[in-house]
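J.: only geometry, no sequence info:
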């Protein structure tokens, strides 16, 4: 499953969110979950973010404590809540 998640943080929440995001990716690096590929991008306005994720079962993220901590406070940090879009690839060049 490939998904895109887009959300917009409150300006005063960005620095703390980025710290939590680093913890998530450190946990991913440590655990090396083979079932997950993910990249997070901060957009030009500095408060909007897009995550591209490829995983076989979204429920498996529940086993990642740093992800759960960050997700549990994300709605309170947002000006625009997360919107999840399932992606259906029709073509690509060097993109899995």
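T.: Nice, thanks for sending it over. Since the model is a prediction, treat every value here as computed from it, not as a measurement. Residues are numbered from 1 along each chain as shown.

J.: going forward, measure contacts and count neighbours with C-alpha atoms only.
T.: Noted.

J.: and residue 6, helix, strand or coil?
T.: Following DSSP: H, G, I helix; E, B strand; the rest coil, we place residue 6 in the strand state.

J.: Can you get me a residue count around residue 9?
T.: 21 (other CA atoms under 10 Å).

J.: Would you agree it is in contact with residue 45?
T.: No: using CA atoms under 8 Å, residue 9 is not in contact with residue 45, being 10.4 Å away.

J.: now the helices for the chain?
T.: For the chain, the helices defined by DSSP state H occupy 14-31, 65-77.

J.: Low-confidence ranges, the chain, go.
T.: Applying pLDDT under 70 to the chain picks out residues 96.

J.: The residue lying closest to residue 57 once chain neighbours are set aside and residue 12: what is the separation?
T.: Distances taken as CA to CA, 6 or more residues apart in numbering place residue 1 nearest to residue 57, at 7.5 Å, with adjacent residues excluded. Residue 1 sits 33 Å away from residue 12, going by CA to CA, to the nearest Å.

J.: quick one: the residue nearest to residue 57 and residue 91, what's the gap?
T.: For residue 1, the distance to residue 91 - CA to CA - is 16 Å.

J.: More neighbours: which of the two?
T.: Remark: of residue 1 and residue 91, residue 1 carries more neighbours, 12 against 8, as counted by other CA under 10 Å.

J.: surely residue 24 meets residue 66?
T.: Yes: between residue 24 and residue 66 there is a contact at 5.0 Å, judged by CA under 8 Å.

J.: tell me which residues in stretch 46-65 are buried?
T.: Within stretch 46-65, the residues that qualify as buried are 47-55, counting by 16 or more other CA atoms under 10 Å.
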